[in-house]
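In: Below are the sequence and a predicted model; questions follow.
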Amino acid sequence: MELSVDRLTKHYGSKIAVDCVSAVLKPGVYGLLGENGAGKTTLMRMICSILEATSGEVLYDGRNVTDMGADYRNLLGYLPQDFGYYPDYTAMEFLRYMSVLKGIPGKKALRRSEELMEVTGLTDVSSKKIKTFSGGMKQRLGIAQVLLNHPKVLILDEPTAGLDPKERVRFRNLLADYAGDKIVLLSTHIVSDIEAIADYVFIMKKGSFATQGTVTDLIEQAEGKVWEMEVSPAEVHKWEKRATISNLRHEDGHVILRIVSDDKPSPQAAACHAALEDLYLYYFPVKEGN
């Protein structure tokens, strides 16, 4: 199984939203990292054949997904940032309704809905109306409905938004288990979610891939660009204006700054080991207002 993105491009007038992006995805979890406006959602919508590309194509096992039509949609699961639901439906009614739309027969649909209620921790509220749900509960319901038909290609746009830390861990474990023989593409700006489960990561900036690789590969790219230094509390504001600070902590009346920079920011700065978040901030520095 292989999903190939070949020179995919999307223009809106003179604006380039996605600029000649190519990638080959095989079973596993792929992370798509980038700030808002980087082109992540546009790319995912083109991969799902919801949005027509200006140029380029998406291939599933060598076949153009647009030409495949319903055959491609039947093996695809897509969870947008804001999925549609019926507020007066109960959670179970909603899953049963979505099962009908996906062509899943009655008894099988019931079993699968009950299974996913358990997986997403919604069994106790399955008979409650969706309009009474919190944001995190609605998001978990969205995750359940996208998994109904056991999609071979799973595309998730900001799926952990609104989930608390415990829910995010549950979801990450679910995805890691699910992706054994399936393709999962996960878009987010929450670096820790990607770092925990992604086999391969794309960092997207201004419509194209700024860099890509395994988590280990990307962290190695940031080595030599991360520094720690001690400053007085009065100096913090000066350094916030001057450098990209990925973390600060107070110790014994001083402040320890973690700075992302190509060059050693001060003679007193010491090099330290990098993390994926450091590389993210290298491409999207705080001092640029991101």
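Out: In hand now; what should we look at?
In: who's in contact with the lowest-mean-pLDDT helix or strand in the chain?
Out: Of all helical and strand segments in the chain, the minimum by mean pLDDT, DSSP states H and E falls on helix 165-178, at a mean of 85. Contact with helix 165-178 is made by 29, 119-121, 136, 140, 143, 147, 154, 156, 159-160, 163, 184, 186, 190, 193, 196-197, as judged by CB atoms under 8 Å, 6 or more residues apart in numbering. No exception for glycine: its C-beta is placed from N, CA and C like everyone else's.
In: all strands for the stretch 151-290 of the chain, in order.
Out: 153-157, 183-188, 200-205, 208-213, 226-231, 244-251, 254-260, 270-271 (DSSP state E, counting those that start in this stretch).
In: Ok, which of those strands comes nearest residue 125?
Out: Among the strands of the stretch 151-290 of the chain, strand 153-157 comes nearest to residue 125, with 22.1 Å by CB to CB.
In: how about the helices of the stretch 51-200 of the chain, start to end?
Out: For the stretch 51-200 of the chain, the helices defined by DSSP state H, counting those that start in this stretch occupy 65-68, 70-74, 91-101, 106-119, 135-146, 165-178, 191-197.
In: what's the most buried one of those helices?
Out: Ranked by mean neighbour count, those are led by helix 135-146 with a mean of 21 (mean count of other CB atoms under 10 Å).
In: what's the angle between that one and helix 106-119?
Out: Counting by axes from the mean of the first three to the mean of the last three CA atoms, to 10 degrees, helix 135-146 points 140 degrees away from the direction of helix 106-119.
In: mind exporting helix 135-146 as PDB, just the C-alpha atoms?
Out: Extracted as PDB, the C-alpha positions of helix 135-146 are listed here (Å, rounded to 0.1, in the frame of the first residue of the first chain):
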ATOM      1  CA  GLY A 135     -15.300  20.200  23.400                       C
ATOM      2  CA  GLY A 136     -13.000  17.300  24.200                       C
ATOM      3  CA  MET A 137     -15.900  14.800  24.200                       C
ATOM      4  CA  LYS A 138     -17.100  16.100  20.800                       C
ATOM      5  CA  GLN A 139     -13.500  15.600  19.500                       C
ATOM      6  CA  ARG A 140     -13.400  12.100  20.800                       C
ATOM      7  CA  LEU A 141     -16.700  11.400  19.000                       C
ATOM      8  CA  GLY A 142     -15.200  12.800  15.800                       C
ATOM      9  CA  ILE A 143     -12.300  10.400  16.200                       C
ATOM     10  CA  ALA A 144     -14.800   7.500  16.700                       C
ATOM     11  CA  GLN A 145     -16.800   8.300  13.600                       C
ATOM     12  CA  VAL A 146     -13.700   8.600  11.400                       C
END
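In: could you give the mean pLDDT of that helix?
Out: Mean per-residue pLDDT for helix 135-146: 90.
In: by contact count, what packs against that helix?
Out: On a contact count with 3 or more CB pairs under 8 Å, 6 or more residues apart in numbering; DSSP states H and E, helix 135-146 meets strand 76-79, helix 91-101, helix 106-119, strand 153-157, helix 165-178.
In: Okay, now the sheet partners of the shortest one, with direction.
Out: To tie it back to what came earlier, the one meant is strand 76-79. strand 153-157 (parallel) (DSSP bridges).
In: among the helices and strands packed on helix 135-146, which is nearest residue 129?
Out: Per CB to CB, nearest to residue 129 of the helices and strands packed on helix 135-146: helix 91-101, 8.3 Å.
In: so how far is that closest one off the chain centroid?
Out: Remark: helix 91-101 is offset 25 Å from the chain centroid, using CA atoms, centre = their mean, to the nearest Å.
In: State the distance from the closest residue to residue 87 other than its chain neighbours to residue 274.
Out: Nearest non-adjacent residue to residue 87, counting by CB to CB, 6 or more residues apart in numbering: residue 131, 3.6 Å away. Distance, residue 131 to residue 274, using CB to CB, to the nearest Å: 45 Å.
In: Among the two, which residue is more densely surrounded?
Out: Taking neighbours as other CB atoms under 10 Å, residue 131 and residue 274 compare with residue 274 leading, 20 against 11.
In: Dump the least confident helix or strand of the chain to CSV, keeping only the CA atoms.
Out: Presented in CSV, the C-alpha positions along helix 165-178 are these (Å, rounded to 0.1, in the frame of the first residue of the first chain):
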residue,chain,number,x,y,z
PRO,A,165,-3.4,15.4,28.5
LYS,A,166,-4.9,12.1,29.5
GLU,A,167,-7.2,12.0,26.5
ARG,A,168,-4.3,12.9,24.2
VAL,A,169,-2.2,10.0,25.5
ARG,A,170,-5.1,7.6,25.0
PHE,A,171,-5.5,8.9,21.4
ARG,A,172,-1.8,8.7,20.6
ASN,A,173,-1.8,5.1,21.8
LEU,A,174,-4.8,4.3,19.7
LEU,A,175,-3.2,5.8,16.6
ALA,A,176,0.1,4.0,17.1
ASP,A,177,-1.7,0.7,17.4
TYR,A,178,-4.0,1.4,14.4
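In: Appreciated, that's everything.
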